[in-house]
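# Give the three-dimensional model of this entry:
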Amino acid sequence: MATSRGLRNNNPLNIRHNKDTFQGEIKPGTDKSFKQFKSIDYGYRAAFVTLGTYLSRGKNTIEKIISAWAPSSENNTIGYISHVEQWSGVPRNKVLTATDGNDYVAIVAAMSRVENGIEANPVDVRAGFDLQNKIKIDKK
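Have a look, this model is predicted:
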């Protein structure tokens, strides 16, 4: 089976080139449209950092996140939201906070599955989560 572009680039959520530079990013990369990372961990880290920025801007539900991440001009946004809700187990309208790390791990894994067509390796997703500090896990 052919490896998806996102996995070949170690960029499982297919982050497009933009003004941001992330830890572990390969510059210059060879992909004209999408960022490339030195390992899958750093690709997941970039996703969590981006979602932490989204959170600070009020994009705090799956619906709001996916509507910004995968706009309907390029994607089946409604289908994407439905899959992420189903595969993550997080309700699409649940208001997320900076201490909902476990939910974010599940959401990012589900987004990776949508982007790449195969289930994410949970060890890789968690390793990426552990490399960032914008989103935490509430240790109640």
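# which other residues reach the stretch of helix or strand R45 belongs to?
In the assignment (DSSP states H and E), R45 maps to helix 40-56. Contacting residues not belonging to helix 40-56 are listed as 6-7, 9-13, 15, 20, 22-25, 35, 37, 60, 64-65, 68-69, 96-98, 104, 107-108, 111-112, 121, 124-125, 127-129, 131-132, 134-135 [CB atoms under 8 Å, 6 or more residues apart in numbering]. Heads up, the C-betas are built off the backbone N, CA and C, glycines and all.
# how about 7 Å then?
Outside helix 40-56, the residues that touch it by CB atoms under 7 Å, 6 or more residues apart in numbering are 10-13, 15, 22-24, 35, 37, 65, 68, 96, 98, 104, 108, 124-125, 127-129, 131-132, 134-135.
# Now that we have these, which of them are buried?
10-13, 15, 22, 24, 35, 37, 65, 96, 104, 108, 124-125, 127-129, 131-132, 134-135 (16 or more other CB atoms under 10 Å).
# taking these one by one, which sit in strands?
Of the positions in those, not one sits in strands, assigned by DSSP state E.
# I'd say S33 and N14 touch.
No: if you go by CB atoms under 7 Å, S33 and N14 don't touch, sitting 8.6 Å apart.
# how near is Y44 to T50?
11 Å (CB to CB, to the nearest Å).
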